[in-house]
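Participant: Structure here, sequence nowhere to be found:
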């Protein structure tokens, strides 16, 4: 296969994966109570696990304005749906990476495209902006965030260690 065929094939796979992602997002919407913060739900799923994200829907009724807790069966279905959503996110990331490798090798001046919530975007590191390809005239500015350690010039590259004695140590520490 030549590069054009590879790119066309990857684009077809991207288009299919984006449609599947949209379907999975709709299924999450249908599977959660109306007042659920779905962005927080997907963030917790990405950061920790679907089970961790779903647990509050079964425990913290007031937090979500629920009258009754989510049933075990509904929680299990939502967990499967969130797992599928995360797998689709990884698939999209992989497909974009493969396509952009080919395109950026062919044109070294090209800005690499990325995928955020199934939307294709371009990050401009010089202008500190991100623009989605479906609305390129509207670029979002990145604002630098200075952490306390950086502000005090105490930032060092390298590992950080958990010094809390209440947590068990691994690897002989």
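Facilitator: Received, thanks. Bear in mind that the values here come from a model prediction, so they are computed numbers and not experimental data. Numbering: from 1, shown residues only.

Participant: make it CA atoms for all contacts and neighbour counts henceforth
Facilitator: Will do.

Participant: Buried residues in stretch 132-142, which are they?
Facilitator: Of the residues in stretch 132-142, 132, 139 count as buried by neighbour count, 16 or more other CA atoms under 10 Å.

Participant: what's the span of it from first residue to last?
Facilitator: This stretch, stretch 132-142, spans 14 Å end to end (CA to CA, to the nearest Å).

Participant: how close does residue 80 get to residue 126?
Facilitator: Distance, residue 80 to residue 126, using CA to CA: 40 Å.

Participant: So the two - more neighbours on which side?
Facilitator: Legend: neighbour count by other CA atoms under 10 Å for residue 80 and residue 126, higher for residue 80 (15 against 6).

Participant: OK, contacts around that one?
Facilitator: Going by CA atoms under 8 Å, 6 or more residues apart in numbering, residue 80 touches residue 50.

Participant: Pairing partners for the strand ranked longest in the chain, with directions?
Facilitator: Ordering each strand of the chain by length in residues (DSSP state E) puts strand 119-124 first. Applying DSSP bridges, strand 119-124 is found paired with strand 113-116 (antiparallel), strand 129-132 (antiparallel).

Participant: Tell me how this protein divides into domains.
Facilitator: Taking automatic domain parsing as the reference, the chain has its domains at 3-110, 112-173.

Participant: tell me, which of these is the model least confident about?
Facilitator: Least confident of the domains of the chain, judged by mean pLDDT, is domain 112-173 with a mean of 76.

Participant: Reduced to three states, what does residue 101 come out as?
Facilitator: Put simply, residue 101 is helix when judged by DSSP: H, G, I helix; E, B strand; the rest coil.

Participant: and the closest residue to residue 51 other than its chain neighbours, how far is that from residue 86?
Facilitator: Closest residue to residue 51 apart from its sequence neighbours, by CA to CA, 6 or more residues apart in numbering: residue 79 at 6.1 Å. Separation of residue 79 from residue 86 (CA to CA) stands at 11 Å.
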